[in-house]
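A.B. asks: Predicted model follows, preceded by the sequence.
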2 protein chains.
Amino acid sequence: MTKGIKQRLVEMVATDLEKIEIELEHHLNPNLELVRQIASHLLFSGGKRLRPLLMIHSARLCGYHDDFEITFSTIFEYLHAATLLHDDVVDEADIRRGKKAAHTKWSAAKVVLTGDFLLARALEIAAKTREPDIISIIAKITRDMSQGEIDQLEKKGKSDLSEHEYLEIIERKTAVLIQGACQSGAILAKAPKEKQEALNQYGFHLGMAFQMADDLLDYTASAKQLGKNPGADMREGKLTLPLIHTLANASPEDKVWIKDAIATTKFDLDQFEKLKQKLVAYKGIEYTENRAQDHVKKAKACLDYFEECPSKEFLCVVADYAIERKV
Amino acid sequence: MTKGIKQRLVEMVATDLEKIEIELEHHLNPNLELVRQIASHLLFSGGKRLRPLLMIHSARLCGYHDDFEITFSTIFEYLHAATLLHDDVVDEADIRRGKKAAHTKWSAAKVVLTGDFLLARALEIAAKTREPDIISIIAKITRDMSQGEIDQLEKKGKSDLSEHEYLEIIERKTAVLIQGACQSGAILAKAPKEKQEALNQYGFHLGMAFQMADDLLDYTASAKQLGKNPGADMREGKLTLPLIHTLANASPEDKVWIKDAIATTKFDLDQFEKLKQKLVAYKGIEYTENRAQDHVKKAKACLDYFEECPSKEFLCVVADYAIERKV
């Protein structure tokens, strides 16, 4: 099923994907070779180009038919890459997209500055849209994401993180960027406010579903599928919805066991398997799947405002893919 | 003399300075208290507000008379603070403006993310100007500064750094921001291209003079004046113009001695005094002063395009201040 949906998506946008790659290469164009190396390490390591595709198809859904949507769509991949580079330093994660994280190959300083460079590139292209509203969206994304990350850092290891706090964190760190890509597409097409708002909401729900699915995969996928070890979030002290729901419903003894497990820095495979059993038993997995499903339904409902067309179909299939993917 | 010029400047812009402080406080407005703390630690630790003042007076010089120049001027202080926060992590400097650098109080991750937050704030305010050209300038500043810093990092400890390489580095790391503040003022006032270009050039020369004066002060000022130990650049392996010129003109023996001194991680006060004597003997100090003077002259010449007015006088006095200041 999943392979089917992924293949279908790729077929729908094969031409777009080729053009996005060309534009990403073309506009990167740094003065320094080292900046190209650090940026390329992340940018061209098999990203799905989800955010550019969302902007392109949001624009087309709103009737955009100039030729610049591919160029402008790179804004959101550069922005995404910039935040990943800053996050790598933040997380001290060693693996990203199955490759060594940039900061393990280069100093944190260089990685941070290359992130700034990519952010600048995103801005330069955004300025060319001549749409101050798109700039405001990028500013809001940057502001929300930086605060979301700090919030998450502050709450690391907090074993009583509430579902509400979790939702706030994932909205800021993931949903706002996807939301911004969709809304910017609508603005680019000079769509009326209702259509902008519909795509804004579509993006929000899609982003929330995506992050919940990501947080599920951290427990359910294999190291090979993830390109990194499963259970990474938990080992870093990041509580996500499967665990939060489980903790809220676990027996006092299991609660103590889980909290101890979170506090442990060394956590072996056996313990991880035991934890997964508890996530199933207390329905942490099921609950998260249901919440993600709800968001997918709401995302799709936002598309009702629009006429049938290939871009609408694409956005609809992406919503399903958000939770059916295995990586 | 220096005290006189500084006092004169402060008197000229006392009202502006008060308003800038209020706007900086007002627009900071983060969701998280921690972000306010980290940002405030740097923002409200006695900055000169040079960049906002330059934008304000560039705008007024071009006939701007709406009421938003103070608000918009904060763009350049937030941007400056954002780059200082990222630089603190990069430099691993312990002291900034006489206070502990942010990264010694908070983790590098939080400091980087607060830098991102300030950059976002700058952008949000810039978007409100509805001038895509100002956004392009901010993007160019961010791009140039990030690359300038990486370039400087790459060239740390390079004892044969050329004057040309040095000029490239300081243009990117200092001049582009000051230049951008001046040019944005002109754009805000919807000045004709020639006036924009004149202020752009004024800002470039002022920025170059400022950085050269800074690099001189690192050798000539006291720890008390600097708010940090003198000779810091050299100890970090950063060659600046006084030393570059001295190396280019030193005798073979002195060249060897200086290169050894640069390579040494521990460098005592006696050695530093000996080095300073060589900088005087080989005219490294004098040459740098002359180059800075040239830039000040060129900066002032750019003001010839404009009618006499208080803002012109301010910009003229700032140019003198650039090299006459002691801190």
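C.D. replies: All right, it came through fine. Numbers count the residues shown, from 1 in each chain, chains lettered A, B, ... in the order given.

A.B. asks: List, one by one, the residues from the stretch 101-250 of chain A near chain B.
C.D. replies: With CB under 8 Å from any CB of the partner chain as the criterion, the stretch 101-250 of chain A meets chain B at residues A:107-110, A:112-114, A:116-117, A:119-121, A:123-124, A:126-133, A:135-136, A:138-143, A:145-147, A:149-151, A:153-154. The way it works is simple: take the backbone N, C-alpha and C, and place the C-beta from them, glycine included.

A.B. asks: Between the two ends of stretch A:124-138, how far is it?
C.D. replies: Terminal residues of stretch A:124-138 are spaced 11 Å apart (CA to CA, to the nearest Å).

A.B. asks: what pLDDT, on average, does that stretch get?
C.D. replies: Stretch A:124-138 carries an average pLDDT of 93.

A.B. asks: buried sites along that stretch?
C.D. replies: Buried positions in stretch A:124-138, judged by neighbour count with 16 or more other CB atoms under 10 Å in any protein chain shown: A:124-129, A:131-138.

A.B. asks: Could you pull out the strands in chain A for me?
C.D. replies: In chain A, the strands defined using DSSP state E lie at A:95-96, A:99-100.

A.B. asks: Where among those is average confidence lowest?
C.D. replies: Set side by side, these differ in mean pLDDT, and strand A:95-96 is lowest with a mean of 60.

A.B. asks: between the buried residues of stretch A:124-138, which is closest to B:T288?
C.D. replies: Distance to B:T288 across the buried residues of stretch A:124-138 (CB to CB) is lowest for A:E124, with 33.4 Å.

A.B. asks: rewinding a little: out of the residues of the stretch 101-250 of chain A next to chain B, list just those in helices.
C.D. replies: Among these, the ones falling in helices (DSSP state H) are A:108-110, A:112-114, A:116-117, A:119-121, A:123-124, A:126-128, A:132-133, A:135-136, A:138-143, A:145-147, A:149-151, A:153-154.

A.B. asks: which of the residues you listed count as buried?
C.D. replies: A:108-110, A:112-114, A:116-117, A:119-121, A:123-124, A:126-128, A:132-133, A:135-136, A:138-143, A:145-147, A:149-151, A:153.

A.B. asks: which two in the buried residues of stretch A:124-138 are spaced the farthest apart?
C.D. replies: Across the buried residues of stretch A:124-138, the longest distance by CB to CB is 17.1 Å; it joins A:E124 and A:D133.

A.B. asks: Output the below-cut-off pLDDT ranges for the stretch 101-250 of chain A.
C.D. replies: The model of the stretch 101-250 of chain A has pLDDT under 70 over residues A:103.

A.B. asks: Taking helix A:132-154 as reference, get the angle to the helix ranked longest in chain A.
C.D. replies: Secondary structure of chain A per DSSP H: the longest helix is helix A:193-220. Interaxial angle, helix A:193-220 versus helix A:132-154 (axes from the mean of the first three to the mean of the last three CA atoms, to 10 degrees): 30 degrees.

A.B. asks: Contact partners for A:L123?
C.D. replies: Counting by CB atoms under 8 Å, 6 or more residues apart in numbering or on different chains, A:L123 makes contact with A:135, A:138, B:123, B:135-136, B:138-139, B:142.
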